[in-house]
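Colleague: I would like the atomic coordinates for the input below:
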Amino acid sequence: MQKLDVVTFGEAMALFMAETPGPLDEVRHFTRELAGAETNVAIGLARLGLKSGWASKVGADAFGTFIMKRLAEDNVNVDHVFKDDCYPTGFQLKEKALKGDPAVQYFRKGSAASFMSADDFQKDYFSGAGHLHMTGIPLAISNHTRSFAEKALTHMKDLGRTVSFDPNLRPTLWNTQQEMIEVVNEFAFKADYVLPGISEGELLTGYSNPSDIASFYLEKGVSLVVIKLGEQGAFYKNHAEEGTVKPFEVKKVVDTVGAGDGFAVGLISGLFENLPLNEAVLRGNAIGSLAVQSPGDNDGYPDRETLINYMNLPI
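Modeller: Coordinates of the predicted model:
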C-alpha cells in the first residue's frame, strides 16, 4: 500500500456552478465540478507535490465515478474510497455571486458517504500516513461518519502522528448549536493544530480576541492554533510565540468557497516541510488568496512553481 504524507476523509459531492448570476431556480446552465472540504485539501496538497490520500464512500453512479476520476487526475490516492450500491453520491448547486458568499443548495441527505462508519476504517491505510487532516463536517453528517472520525483520530494519535483540525462549522447539519459546540470542541482538544475562522472561534470559545481564542485551545493541550482573519490575514499562537501574518492583496474576489481549505493546504504543507511558523502561515494566506480569485472550490489552488512565483520567492 502506498505511503502517504497526509491523509484525510469526508464527503465529496458533484458541484454544479451556475454560469450566470441570479436565483438558482432561474439558471439554465451549470458547470460541473467537485466539492468537498477534505477533497479540496487533498487536491491542494497533491498539487504541491505531497502524497495525499482521501477516504470515503461514493455511490455506484455517474457522480461517484466522476469524483474518483477527478481525484485521480490530481494524483490523490483513493485506495480507501468504496462504491456503495445502496446509496447515491450527493451533489450541490452553487450560485454565481457577484459579491459576497454564493448561495449553495445541498442534496446530500442519505448519501453513500453518510453511511461511512467505524466498521469501514482501514487501519493500515491510515498507518501509512504521516499526518491526518480532518474537519468538523463528518462529525455533523451522521453518527456513522462521526464514529469513523473518532476511530481515525484515536488511531493516528496513538501512533504519534500529527493531526490538524478545521472546525468548518455547518450549523444546519446539527440538531442544536450547543451540540455542535460541544462535539466540535471535543475533537479539537485532541488535535495538534486547530484552524478556526475568527467567527468560528468566537462561537466555539465565547472569546472575541484571537489571542484569547487561541489560549482556550492551548490550555486544553493543543500545540498550535491558527485563526483565519479574512482580509486581516491570520493570527497564530503556540506555547512559544504568537503573531499576525499579513494577507495578500486581492483586487477582485470571485468566489470565497474553498479559501479556508486552501489556507489549510498552505499551512499544513509548510509545517510538513519544517518552514518557520510565520512562513507556513504566510503560505496559507497566499493559497487562500488565490482560491478567492477563481470560481471553483479548488481550481485556484496552485502547483509549487505557481505558488513560488505568486509569493515572489526564490526558486
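Colleague: low-scoring stretches of the stretch 1-150 of the chain, by residue?
Modeller: Scanning the stretch 1-150 of the chain for pLDDT under 70 picks out 1-2, 100.
Colleague: switch to 90 and redo it
Modeller: Scanning the stretch 1-150 of the chain for pLDDT under 90 picks out the ranges 1-2, 96-104.
Colleague: so what's residue 105 up against?
Modeller: 24, 92-93 (CB atoms under 8 Å, 6 or more residues apart in numbering). From N, CA and C alone the C-beta is placed, and that goes for glycine too.
Colleague: Next step: the residues you listed restricted to helices.
Modeller: Per DSSP state H, helices hold no members of the contacts of residue 105.
Colleague: Tell me the one of those nearest residue 36?
Modeller: Lowest distance from residue 36 to those (CB to CB) belongs to residue 92, with 9.6 Å.
Colleague: if I read this right, the closest one contacts residue 102, doesn't it?
Modeller: No. Using CB atoms under 8 Å, residue 92 makes no contact with residue 102, being 10.7 Å away.
Colleague: Of the contacts of residue 105, which is the most crowded?
Modeller: Sorting those by how many neighbours each has (other CB atoms under 10 Å) puts residue 93 first, at 19 neighbours.
Colleague: List the contacts of that one.
Modeller: Shown in contact with residue 93 (CB under 8 Å, 6+ apart): 16, 18, 24, 30, 104-105, 107.
Colleague: how about residue 67, what does it touch?
Modeller: 12-14, 34, 39, 58, 89.
Colleague: which other helices and strands contact the host helix or strand of residue 148?
Modeller: Assigned by DSSP states H and E, residue 148 belongs to helix 143-158. The elements that helix 143-158 packs onto, with contact taken as 3 or more CB pairs under 8 Å, 6 or more residues apart in numbering; DSSP states H and E, are strand 4-9, helix 123-127, strand 129-135, helix 137-141, strand 162-166, helix 177-188.
Colleague: Give me the angle between it and strand 129-135.
Modeller: Following axes from the mean of the first three to the mean of the last three CA atoms, to 10 degrees, one obtains 140 degrees for the angle between helix 143-158 and strand 129-135.
Colleague: List the buried residues for helix 143-158?
Modeller: Residues 144-153, 156 are the ones in helix 143-158 that count as buried (16 or more other CB atoms under 10 Å).
Colleague: out of those residues, who's nearest residue 178?
Modeller: Nearest to residue 178 among these, with distances taken as CB to CB, is residue 146, at 16.1 Å.
Colleague: quick one: the closest one from residue 191, how far?
Modeller: Counting by CB to CB, to the nearest Å, the separation of residue 146 from residue 191 is 15 Å.
Colleague: same thing with residue 263?
Modeller: In this view, residue 263 and residue 191 are 16 Å apart by CB to CB.
Colleague: ditto for residue 52
Modeller: In terms of CB to CB, residue 52 sits 18 Å off from residue 191.
Colleague: what's the answer for residue 141, then?
Modeller: Distance from residue 141 to residue 191, by CB to CB: 19 Å.
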